[in-house]
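[1] Any chance you can model this:
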Amino acid sequence: MRPRWLVTGAGGMLGRDLTAALAREGATVVAADRTALDIADPERVRALLDAQRPAVVVNCAAWTAVDDAESREAEALRVNGTGPAVLAESCRAHGSVLLHVSTDYVFAGDADRPYPEDAPTAPRSAYGRTKLAGERAVLETLPDTGHVVRTAWLYGAGGANFVRTMIKLEAVKDTLDVVDDQRGQPTWTVDLASRLVLLGRAALDGTAPAGVYHGTSGGATTWYGLAREVFRLLGADPDRVRPVGSAAFARPAPRPAYSVLAHDRFRAAGIDPVRDWRAALHAAFPALLAAERPGQRPAGLNDGSPARTPGTAGPSARSRA
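    Numbering: from 1, shown residues only. Below is the predicted model of the structure:
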């Protein structure tokens, strides 16, 4: 009998890709979006696990409005802190493995080399604090079966994200000012989903110990570097993207200046980390482009594609992203 998986937050960008990945593998999947399950409600969580008895629970549910969390921290904490704690308690009662998706925001962002999984945490935002609370609840409640998977800079075809925004704005703007002093790892949700599947299986087999894992792409870039690569893949002139500092954009929540993560725990479990961010973006781009511009092909995937001059894709206007 195949082990049953429960995916919470299944209506989100990552949850959709994870549910699809499990379905392709022939797994038995219960997909619960936020309308079907309030993960911070102990009675509803207990009832669902009693009924479904999953071998693996993957928590993709989260409050991800980083800036809003600064003024609504209690609400964010209910989802990001209380929710994982409730799930962990029910998983302990049922003997289920829990994979909990977390974030790079648990770090201060002032390192000069990739953060290992056991690096000290020091969140500087309300969002980061609430996510760290969820991590701690999972690891304390499930010392043998709780797995925290930190990720960052997610993009995919199934939701709003930076890459899709760049595709959209390239068509209507002349130039874009994009932040060049934040360094991280753009990560395709399809790639992360595949690693979550492998990690869940390894956890059931006893080859992936409980603890913290880092699920981000290899390599690193800035938002500016990512935007330039998107323009190149569109066949547009990357020089239309201009670098600026974070100070150019006043936001309530501080962003980590450096949130590159190391992937030693995945390797130790015999699981290859996610591929390099640029290779992943190239693989993802046809689906991303189709989501924003149906029928258009990614000209920049072919060597020697001419760069489109500013304004040929639509009305020209200066913008910041």
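[2] hmm, which helix or strand of this protein has the shakiest average pLDDT?
    In the chain, no helix or strand scores lower on mean pLDDT, DSSP states H and E than strand 318-320, which sits at a mean of 31.
[3] For stretch 17-30, buried residues please.
    Within stretch 17-30, the residues that count as buried by 16 or more other CB atoms under 10 Å are Asp17, Leu18, Thr19, Ala21, Leu22, Ala27, Val29, Val30. Heads up, the C-betas are built off the backbone N, CA and C, glycines and all.
[4] hang on, the first one in a helix?
    Yes: the assignment for Asp17 is a helix, going by DSSP: H, G, I helix; E, B strand; the rest coil.
[5] Next up, the contacts around it.
    By CB atoms under 8 Å, 6 or more residues apart in numbering, the contact set of Asp17 is Gly156, Gly158, Thr189, Val190, Leu192, Ala193.
[6] Recalculate using a threshold of 6 Å.
    Asp17 is in contact with Gly156, Thr189, Val190, Ala193, counting by CB atoms under 6 Å, 6 or more residues apart in numbering.
[7] before we move on, what about the fifth one?
    With contacts defined as CB under 6 Å, 6+ apart, the neighbours of Leu22 are Trp5, Val29.
[8] quick check, it in a helix?
    Yes: Leu22 forms part of a helix when assessed by three-state DSSP.
[9] The stretch 51-200 of the chain: helices as residue ranges?
    Ranges of helices in the stretch 51-200 of the chain, per DSSP state H, counting those that start in this stretch, are 68-71, 73-77, 83-94, 126-141, 162-170, 189-205.
[10] next one: the fourth one to chain centre, how far?
    Meaning helix 126-141. Relative to the chain's own centre, helix 126-141 is displaced by 16 Å; criterion: CA atoms, centre = their mean, to the nearest Å.
[11] just checking, what packs against that helix?
    Under the contact criterion of 3 or more CB pairs under 6 Å, 6 or more residues apart in numbering; DSSP states H and E, helix 126-141 touches helix 68-71, helix 73-77, helix 83-94, strand 97-103, strand 146-151.
[12] from memory Thr216 sits against Arg183, does it?
    No: Thr216 is beyond contact range of Arg183, at 12.0 Å (criterion: CB atoms under 6 Å).
[13] The nearest residue to Leu98 once chain neighbours are set aside: how many residues sit nearby?
    What sits nearest to Leu98 in space, not counting adjacent residues and going by CB to CB, 6 or more residues apart in numbering, is Cys91, at 4.4 Å. Cys91 is flanked by 27 other residues according to other CB atoms under 10 Å.
[14] Then the one 3 residues further on?
    By other CB under 10 Å, the residues close to His94 number 15.
[15] cool, the one 10 residues further on as well?
    Counted with other CB under 10 Å, the neighbours of Asp104 add up to 25.
[16] So which of Thr216 and Arg183 has more stuff around it?
    The residue with more neighbours, out of Thr216 and Arg183, is Thr216; 29 against 17, by other CB under 10 Å.
[17] quick one, what contacts the closest residue to that one other than its chain neighbours?
    Distances taken as CB to CB, 6+ apart place Gln185 nearest to Thr216, at 3.9 Å, with adjacent residues excluded. Contact partners of Gln185, counting by CB under 6 Å, 6+ apart, are Ala152, Trp153, Thr216, Ser217, Ala220, Val260, Trp277.
[18] Mind checking which of the residues you listed are in helices?
    Among those, the residues falling in helices (DSSP state H) are Trp277.
[19] Between the contacts of Gln185, identify the one with the most neighbours.
    In terms of neighbours by other CB under 10 Å, the contacts of Gln185 top out with Thr216 at 29 neighbours.
[20] got the contact list for it?
    Going by CB under 6 Å, 6+ apart, Thr216 touches Thr151, Ala152, Gln185, Thr187, Leu261.
[21] repeat for Ala280
    The contact partners of Ala280, taken as CB under 6 Å, 6+ apart, are Trp188, Asp191, Ser217.
[22] from memory the residue nearest to Leu98 sits against Val97, does it?
    No: in this structure, Cys91 is not within contact of Val97 by CB under 6 Å, at 7.3 Å.
[23] For the residue most central in space within the chain, name its beta-bridge partners.
    Nearest residue to the geometric centre of the chain (CA atoms, centre = their mean): Leu154, 3.7 Å. In this entry, Leu154 is beta-bridged to Thr187, by DSSP bridges.
[24] Surely Trp63 touches Arg78?
    No: if you go by CB under 6 Å, Trp63 and Arg78 don't touch, sitting 8.0 Å apart.
[25] Those two - which one has more neighbours?
    Trp63 (21 against 18).
[26] Just the pLDDT for the more buried one.
    As predicted, Trp63 sits at a pLDDT of 98.
[27] Same question for the one 5 residues further on.
    The predicted local confidence for Asp68 comes out at a pLDDT of 98.
[28] what about the stretch 201-321 of the chain, any weak spots by pLDDT?
    When residues are selected by pLDDT under 70, those of the stretch 201-321 of the chain lie in 302-321.
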